[in-house]
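Colleague: only the shape, not the letters, is given here:
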């Protein structure tokens with residue numbers, strides 16, 4: 001039914017001149033909530049949905065499970081029919097369900113004290129624990 005649902009959703013959006021937001025969890029084979037998701041086909045049964053979508057945005061928390069550092073989320077624009085792909089680090093406060101842009105100081109602190117290397121190291125350490 002995913003093909004039918006994807007096509008009908010596009011049809012309804014076109015007829016009503018509206019935008020639709022579809023939320024989907026990733027397949028278990030893709031990883032967990034801290035695994036970087038830089039593909040538009042990570043969601044379960046995503047092929048038909050991805051083809052009909054104008055934009056596909058993925059999100060993960062790179063330090064999920066680390067209470068000291070789990071205050072960031074990454075968004076990746078994996079498909080954008082109107083431009084290029086892009087990635088953004090955002091501030092995440094899970095206790096308040098708050099997701100927002102980082103301030104200039106927060107972004108500078110993140111880049112200096114954590115950043116991409118720390119994210120890769122953390123992911124690697126989690127994968128080693130699973131074995």
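Modeller: Structure received. Just so you know, these numbers come straight off a predicted model, no measurement behind them.

Colleague: grab the nearest non-local neighbour of the residue nearest to the spatial centre of the chain.
Modeller: For the chain, the residue nearest the mean C-alpha position is residue 59 (1.3 Å; Cα atoms, centre = their mean). Once flanking residues are discounted, residue 59 sits nearest to residue 75: 5.2 Å by Cβ to Cβ, 6 or more residues apart in numbering. From N, CA and C alone the C-beta is placed, and that goes for glycine too.

Colleague: so that neighbour belongs to a strand, correct?
Modeller: Yes. Applying DSSP: H, G, I helix; E, B strand; the rest coil, one finds residue 75 inside a strand.

Colleague: re earlier: next, the residue nearest to the centre of the chain: phi, psi?
Modeller: Per-residue torsions, residue 59: phi -150, psi 140 (degrees, to the nearest 10).

Colleague: what of residue 57?
Modeller: The phi/psi pair for residue 57 (degrees, to the nearest 10) is phi -120, psi 130.

Colleague: what's near enough to touch it?
Modeller: Contact partners of residue 57, counting by Cβ atoms under 8 Å, 6 or more residues apart in numbering, are 75-78.

Colleague: and the residue nearest to the centre of the chain, what pLDDT?
Modeller: Among the per-residue scores, residue 59 shows a pLDDT of 90.
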